[in-house]
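**Q** Let's see this in three dimensions:
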Amino acid sequence: MNIGVYACGILVIPFVLIGLLFALLKEKAAVLVSGFNSLPKKEQTLYDRARISQDVRNQCFAWSAVMLTGALLSCFTAYMAIPAFIIWLSLLFKDIRLDARKAFEKYLLK
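**A** Residues are numbered from 1 along each chain as shown. Sure thing, here's the model as predicted:
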């Protein structure tokens, strides 16, 4: 085993656990999302909590799939962990917003 297997493999566990948490708690887990929990309670009711939880769940499962693939491919060569981390970072930074209202505007109830 090499360090690429361990580096990617270790991250699979928390991503799957967080994904399962959001899958089990459904819309109740929306309060665990950073930025959403800082919005006033009255404003939180304007957003679709179920979709927020579903999107976070899907993100975590996608991240775990990327890392699991990286871990499996790293069994052959340690350098396969590098593309896995690059893909994961690009997926991570794609959805980061500094303004909470902008981050959740696609979840507004109509």
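**Q** Sketch out the helices for the chain, chain order is fine.
**A** 3-25, 41-44, 49-74, 81-94, 100-103 (DSSP state H).
**Q** Which other helices and strands does the second one contact?
**A** Looking back up the chat, that one is helix 41-44. If contacts are counted by 3 or more Cβ pairs under 8 Å, 6 or more residues apart in numbering; DSSP states H and E, helix 41-44 sits against no helix or strand. In this view, the C-beta of every residue, glycine as well, is placed from N, C-alpha and C.
**Q** Quick check: buried residues in that helix?
**A** Using 16 or more other Cβ atoms under 10 Å as the test for burial, helix 41-44 gives Gln44.
**Q** Kindly report the same for the third one.
**A** Within helix 49-74, the residues scored as buried using 16+ other Cβ under 10 Å are 49, 52-57, 59-61, 63-64, 66-71, 73-74.
**Q** what helices or strands is that helix leaning on?
**A** Partner elements for helix 49-74 (3+ Cβ pairs under 8 Å, 6+ apart): helix 3-25, helix 81-94.
**Q** Flag every buried residue along the worst-scoring helix or strand of the chain on mean pLDDT.
**A** Within the chain, no helix or strand scores below helix 100-103, which has a mean of 82 by mean pLDDT, DSSP states H and E. Neighbour-count burial for helix 100-103 flags Ala100, Ala103 (criterion: 16+ other Cβ under 10 Å).
**Q** swap in stretch 74-87?
**A** Buried-residue list, stretch 74-87, by 16+ other Cβ under 10 Å: Ser74, Ala78, Met80, Ala81, Ala84, Phe85, Ile87.
**Q** re earlier: nearest to Leu109, out of the helices of the chain?
**A** Evaluated with Cβ to Cβ, those place helix 49-74 nearest to Leu109, the distance being 9.5 Å.
**Q** pLDDT on that closest one, on average?
**A** If you average the pLDDT over helix 49-74, you get 96.
**Q** What of stretch 27-37?
**A** Mean predicted lDDT for stretch 27-37 stands at 91.
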